[in-house]
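here is a sequence with its predicted model. Questions after.
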Amino acid sequence: MAPGDNYRAKALELLARAEIEGDLQMRTELENLAAAYLRLADQAARNSELYLAYEPSPRKIDDPN
């Protein structure tokens, strides 16, 4: 699975629920929540492309740890 696929699936589920929702306010909230999940999917895809290497600084000679 590609990064963010779970978020995209949830967004599609929410949009499907929004389509059949009779209450306008609830429909709007479901659509807004779906949009938030799509943003999370995009962020997950961007994060998967990052390579962060952590290299601890060398210890000082007089450092007891």
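Everything's here; your move. Numbering: from 1, shown residues only.

residue nearest the centroid of this protein?
Compute the mean C-alpha point of the chain, and by C-alpha atoms, centre = their mean the closest residue is residue 40, 2.7 Å away.

doesn't residue 8 make contact with that residue?
No. Assessed by C-beta atoms under 8 Å, residue 40 is found out of contact with residue 8, at 9.1 Å. No exception for glycine: its C-beta is placed from N, CA and C like everyone else's.

now find how far off-centre the longest helix seen in the chain is within its chain.
When the chain is parsed with DSSP state H, its longest helix is helix 24-49. Taking C-alpha atoms, centre = their mean, to the nearest Å, the mean C-alpha location of helix 24-49 is offset from the chain mean by 8 Å.

return the set of buried residues in it.
For helix 24-49, the neighbour count (16 or more other C-beta atoms under 10 Å) marks 30-31, 33-34, 37-38, 40-41, 44 as buried.

just give me the neighbour total for residue 11.
Residues contacting residue 11 under the criterion other C-beta atoms under 10 Å number 21.

about what we covered before: so who does the residue nearest to the centre of the chain touch?
4, 7 (C-beta atoms under 8 Å, 6 or more residues apart in numbering).

right, I'll call it a day here.
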